[in-house]
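J.: Next comes the sequence, and after it the predicted model I'd like to discuss.
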Amino acid sequence: MAFSLVSVIKKSRSLMKFTMFYLCLLFVIVLLGISTFLVSISTTARQTEEVNTMILKQTAENIDNSFNEANYFTYTASGFNYLQKLMLLGRPFDGEAILTIREAMGNIPPFSDGNRLIVNYQIYLSNGDFIVQYGNTCLDIDRFYGKSFSYGDMTVSQWRQSVLKSGYTMLFPAAPASIGGTKGRMLLYVRNLSYLSRSAGRVIFYVDENALQQLFSPLYELSAAYTLILDKDGVLLSSHEDLPETFDFAPLLSSRAGSGSYLTEYNGQRMLISYARLSTSGCIVASATPYQAIVARASAVLKPMIICIILLFAAGLALTYYGIRITRRPLMKTMELLAAEGGGLSDHGFKQLDQAVHQLVTSHHLLARRLEEQRMELRTAIVASLESGDTLEAGELDILLSHVGIQPEGDRFRGVYLIIPDDKELNSDMLSRGDMHRALVIELLEPFAPHIRFLSLKNRNSFILLYAEYQNEPQNLNSFFTRLYQVMRNVDGLEPYFYVGTECSSLCYLPHSLLAARQLILKGSGSTYLSIADEQDQPTACYYYSEQQEKKLISLTAMGREEEVKELLEAICAENTRHHMSRFCSQMLYYKMVGTLSNLSNNLALPEELTCSLHKLSTKQFFGLLESQYMELCRQSREKQTEHTSRLIQKVLAYIDANYTDYTLTLTSTAQHFGITDKYLSAFIHEKAGINFSSYLEQLRIRKANELLENTDKTVDEIAQMIGYANGKTFRRAYSRVTGIAPSEHRNIQRGSSNQPFKGEAE
């Protein structure tokens, strides 16, 4: 170059000003790009953290649902008629046992959960020490392990010591396994099988690892490098990739939150760890996303800015060089040239710059909007869990607090429903849409913060609020809501109704408070603007169905006592309705009572509502269906009792007829033979024959004695021994007591020679 660019710029003041202005413009654009990039990284990281947590919570819920279905299947399995028959079998098997097994094999149902995680199952019966499974016959463990089923590299002895002797509930890590022709990597979910309050074996569910990993697939789209499942003790059950040896599970195991995220470092690389905990087994599902992948996603925003800066810098250099080559007054010449072009060139340049800046700002706004939408969806999900009546998990509580901005330490809380009835005279523009309702209520509540917070719009006229009372700012509950009522009525002409739930010392129990508030709404407590729940309206975290009640229900049903069964069901229903159970407790009560019903109703097909739609039933609907089933069982029990009684009396009388010659035959020996009590047998014979056991046996022996006296020449002593008397003296005394005459007199009367005693008789 024939001249020095720097020296030329220094000599020209106008060129110096132009250069400095241009460099400052580039510097501002660079700063804007860097700040936008940093904001984008922060936003992307926060978005990735929240989305990962949501996906993992959904994954944990899906796994929980599958395990809950397995738990319910295990709970009801002991009531299956065919399984009870197998439980009574012992070794070695005889011919009758083999027929029982074949019959039972045809009745073993398939098991399929809604998420199709469990591909098959087995039932181990400890009494006979064998395994049964759907689609196969009775399996001898020692003979068929490794052929019909296997797990990892376990030997049959290891299978017995680990799987068959596991605890009440146990999970075994994923390993190559096979069952019923299905092969692949599978986890084992083992549950204890109980019968008559004792352990009867195990139910072993095979969980497909590929199906489990499919639940994590949305995380891979968010650049997750690892996904894994840990049991509550930190044992790795399943992972998508081989984990680094330095991977530390301690923070996951030490956390008591239901879900969450944190940053950590492995092998010099920063990782975002997100996790969620299963409620059924305490297992943890987690994902690890490299922070570098988050930065790479955020850098997409920076690329247009870098290109824009490079183009502008190159354009500035070209413009400066062009001006210097043409004239020593480049700025004036350039401006004259731009003016001669009609502004088209400058307009085009500034339009390019404007478009780049607009694209940058638009991308930032889109990210912020997506983040806000996801926060609102998360808030809606949390409010749905609030209304469920179940205690909040710690992770959900943390997220809720971050949204409503309150400090729970040492404070007291109440859930509140605000209902604003429709009024045609109100401003239709403000009340025509639910979002307008929301904006109006939030605006009116603002002066009363932080004591009252808006949580969610339930529907067009109903809102969920949170009332907080701080220790350093005590409030009178009635006065506070009276002032709020007056403001809403005077300012906007609204007619609000407040339903305030019971007080709770922690936000974890806020669902209980909201449930109590809903009870006020259902009771129609809206005659005044303010309704406050009493402590007696507090929903309980338990249900009422004791073991004694269950035994009594089973006993009354077996005896066919309809009225007493109906009274007992009504008492159980009233007790649980009075305490306002949470949804979870209601479902547990339903499952337990359906389990009792299943144990009784082997031959009774339960309605679909009691097998597949329990979550849709109210307490009153559930007990109505339950009562109709128990009435049918009582009717069947009475029919069985009548039939059983008829068969039993025939067997008892036939047994007495066949054994009356045995002088040791007594009420006790007969009762023991039939497996019943003396008292029951005595009452039973008296009811059917009209006399007690001794009288019936005595009359039978006397009738047999008359036949022998009339048709044989045997002596009285011989006849006494033949019909079951120990000696002739006892027989003569009994005969005289029943007939009023001696045995010899009866024989002589029948033979027409009462004056000549029969030979051998000396009376």
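T.: Yep, that arrived.
J.: what's the single longest strand in the protein?
T.: strand 182-195 (DSSP state E).
J.: Adjacent strands (with direction) for that one?
T.: strand 169-179 (antiparallel), strand 198-208 (antiparallel) (DSSP bridges).
J.: May I have the last one as CSV, with CA atoms only?
T.: Right, strand 198-208. Taking C-alpha atoms only, strand 198-208 is exported to CSV below (Å, rounded to 0.1, in the frame of the first residue of the first chain):
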residue,chain,number,x,y,z
ARG,A,198,-48.6,-65.0,56.2
SER,A,199,-46.0,-65.0,53.4
ALA,A,200,-47.0,-67.5,50.7
GLY,A,201,-44.3,-66.7,48.2
ARG,A,202,-43.3,-64.0,45.7
VAL,A,203,-44.7,-62.4,42.5
ILE,A,204,-41.8,-61.6,40.1
PHE,A,205,-42.5,-59.0,37.4
TYR,A,206,-40.1,-58.6,34.4
VAL,A,207,-39.6,-55.0,33.4
ASP,A,208,-38.3,-54.3,29.9
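J.: What are the contacting residues of it?
T.: 66, 70, 73-74, 77-78, 87, 111, 116-127, 163-164, 166, 177, 179, 182, 184-194 (Cβ atoms under 8 Å, 6 or more residues apart in numbering). From N, CA and C alone the C-beta is placed, and that goes for glycine too.
J.: now the next helix or strand after it: how far from the chain's centre is it?
T.: Sequence order places helix 209-214 as the next helix or strand after strand 198-208, per DSSP states H and E. Here the centre of helix 209-214 is set off from its chain's centre by 20 Å, with Cα atoms, centre = their mean, to the nearest Å.
J.: ok, now stretch 609-625?
T.: Per Cα atoms, centre = their mean, the centroid offset for stretch 609-625 relative to its chain is 16 Å.
J.: And for stretch 176-187?
T.: Mean-position distance between stretch 176-187 and its chain equals 26 Å (Cα atoms, centre = their mean).
J.: neighbouring contacts of that stretch?
T.: Counting by Cβ under 8 Å, 6+ apart, 119-120, 122, 133-136, 148-152, 171-175, 188, 206-210, 212, 237-238 sit against stretch 176-187.
J.: mind listing what's buried in that stretch?
T.: By neighbour count with 16 or more other Cβ atoms under 10 Å, stretch 176-187 contains the buried residues A177, S178, I179, G180, R185, M186, L187.
J.: thinking Q519 is in contact with S531, fair?
T.: No: Q519 lies out of contact with S531 (Cβ atoms under 8 Å); the separation is 10.1 Å.
J.: So for stretch 63-75, what gets flagged as buried?
T.: Buried residues in stretch 63-75 (16+ other Cβ under 10 Å): I63, D64, S66, F67, E69, A70, N71, F73, T74, Y75.
J.: Retrieve the pLDDT associated with S178.
T.: At S178, the model reports a pLDDT of 87.
J.: Repeat that for the one 10 residues further on.
T.: In the prediction, the pLDDT value recorded for L188 is 89.
J.: picking up where we left off before, can you say which of the strands paired with strand 182-195 is nearest to T482?
T.: Nearest of those to T482, taken as Cβ to Cβ: strand 169-179 at 52.6 Å.
J.: List the buried residues for the helix or strand hosting Y485?
T.: Under the criterion of DSSP H and E, Y485 resides in helix 477-492. Residues of helix 477-492 classed as buried: F480, F481, L484, Y485, V487, M488, D492 (neighbour count, 16+ other Cβ under 10 Å).
J.: next one: stretch 728-745
T.: G728, F731, R732, A734, Y735, A742, P743, S744, E745.
J.: With secondary structure, pLDDT and distance to F684 added, can I get those residues in TSV?
T.: Formatted as TSV, those follow (DSSP: H, G, I helix; E, B strand; the rest coil; pLDDT from 0 to 100; distance: Cβ to Cβ, whole Å):
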residue	secondary structure	pLDDT	distance to F684
G728	helix	82	32
F731	helix	87	27
R732	helix	89	31
A734	helix	86	24
Y735	helix	88	27
A742	coil	87	34
P743	helix	87	31
S744	helix	85	36
E745	helix	88	36
